[in-house]
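Asker: quick one, what's the 3D model for this:
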Amino acid sequence: MQPSIIVSSSDLERLEGLLSLPAFRSRGDLDGLRDELERANVREPADMPPDVITMNSRARFLEENTGREYELTLAYPKDAHAAANRVSIFSPAGSALLGLSAGQVIDWKTPDGNSIRLKVLEVTWQPEANGQFDL
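Answerer: As a prediction, this is how the structure comes out:
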């Protein structure tokens, strides 16, 4: 069962705009993101709970299988950079993280076929909670 997710209306609008571009429109690898956006509870940016992962949010995670903790920023594809822990929303991991809240857990398959269980420990920075609605 997938956890419930919350997405801001501005993130939804921007992501749907990207997904409709010719370069991305027919990419089957983005169907997971499309599915996530369809099932999301959509709220206005000013009404986003501060513990929800939105675009450009930073969050701490626990990989429950290994006990490893790390912090990631959910980024648009042009801003993604693995060395800076900026994961693309167009990656399976990025699309799985969008809209999760602190305390939620998600299972997902890595590209090599392994299963990983991630728990959101906390959202350490969220644009909406900081009054930055244009990121």
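
Asker: which residues touch the one residue sitting closest to the centre of the chain?
Answerer: In the chain, the residue lying closest to the centroid (Cα atoms, centre = their mean) is residue 98, at 2.3 Å. Contacts were defined as Cβ atoms under 8 Å, 6 or more residues apart in numbering; by that measure residue 98 touches 5, 7, 11, 33, 36, 40, 53, 54, 55, 74, 89. In this view, the C-beta of every residue, glycine as well, is placed from N, C-alpha and C.

Asker: now residue 107
Answerer: With contacts defined as Cβ under 8 Å, 6+ apart, residue 107 is in contact with 115, 116, 117, 118.

Asker: most neighbours of all those, which one?
Answerer: Using other Cβ atoms under 10 Å as the contact criterion, the top neighbour count among those goes to residue 118, which has 22 neighbours.

Asker: of the contacts of residue 107, which belong to helices?
Answerer: Secondary structure of these is defined by DSSP state H; no position falls in helices.

Asker: can you lay out those as TSV showing distance to residue 104?
Answerer: Compiled in TSV, those are given as follows (distance: Cβ to Cβ, whole Å):
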residue	distance to residue 104
115	17
116	14
117	11
118	9
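
Asker: among those residues, name the ones in strands.
Answerer: Secondary structure defined by DSSP state E assigns 115, 116, 117, 118 of those to strands.

Asker: pick the one among those closest to residue 125.
Answerer: Ranked by distance to residue 125 (Cβ to Cβ), the ones in strands among the contacts of residue 107 are led by residue 118 at 18.1 Å.

Asker: what separation is there between that closest one and residue 95?
Answerer: Computed as Cβ to Cβ, to the nearest Å, the residue 118 to residue 95 distance reads 13 Å.

Asker: and residue 26, by the same measure?
Answerer: When distances are taken as Cβ to Cβ, residue 26 and residue 95 turn out to be 17 Å apart.

Asker: in this protein, where's the longest helix?
Answerer: Secondary structure of the chain per DSSP H: the longest helix is helix 9-19.
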